[in-house]
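*Asks:* generate coordinates for the sequence data below:
(one chain, ligands or ions: 1)
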Amino acid sequence: MASKSGKFISFLPGHRDVPVSQKDQSVLDVALRAKVALNHTCGGNGTCGTCRVFVIQGLEKLGPRNEIEAEMAQDRVFQASERLACQMEPVDGLVVFQDIFLRWQRR
Ligand code: FES
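*Replies:* Down below sits the predicted model:
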């Protein structure tokens, strides 16, 4: 997964290991810079929920949800591992998974 130097985030499915740039403010920024196909209808404002991912690895490294993400998590009854890529700090070693089919089954 992660390289021996620098910060990397892994995106599933597809197993893309993407280096984190100093300019990246969120996991969504990392994905978009690397052209990882991650939904982001509202452009990263935290209002659409389409960037929701499951954190497969590294959840313990993340800080608590910010106010924007916490509100959506409460409204949509997110599990602890469900996070908004646009609101998540790009922490080294994260493995995230976006499963659009699972979302359709739950709603
Ligand atoms: S891009 Fe809309 S909530 Fe993240």
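*Asks:* in the sheet, who's paired with V96?
*Replies:* F11, V55 (DSSP bridges).
*Asks:* quick one: it and S10 touch, right?
*Replies:* Yes. V96 lies in contact with S10 (Cβ atoms under 8 Å); the separation is 7.3 Å. For every residue, glycine as well, the C-beta is placed using N, CA and C.
*Asks:* among those two, which residue is more densely surrounded?
*Replies:* Per other Cβ atoms under 10 Å, whichever of V96 and S10 has more neighbours is V96, with 26 against 19.
*Asks:* now that one: how far from the ligand?
*Replies:* 13 Å (Cβ to the nearest ligand atom, to the nearest Å).
*Asks:* where does pLDDT dip in this structure?
*Replies:* 1-5, 100-107 (pLDDT under 70).
*Asks:* spatially central residue in it, please.
*Replies:* Nearest to the mean C-alpha position of the chain, by Cα atoms, centre = their mean, lies A85 at 2.9 Å.
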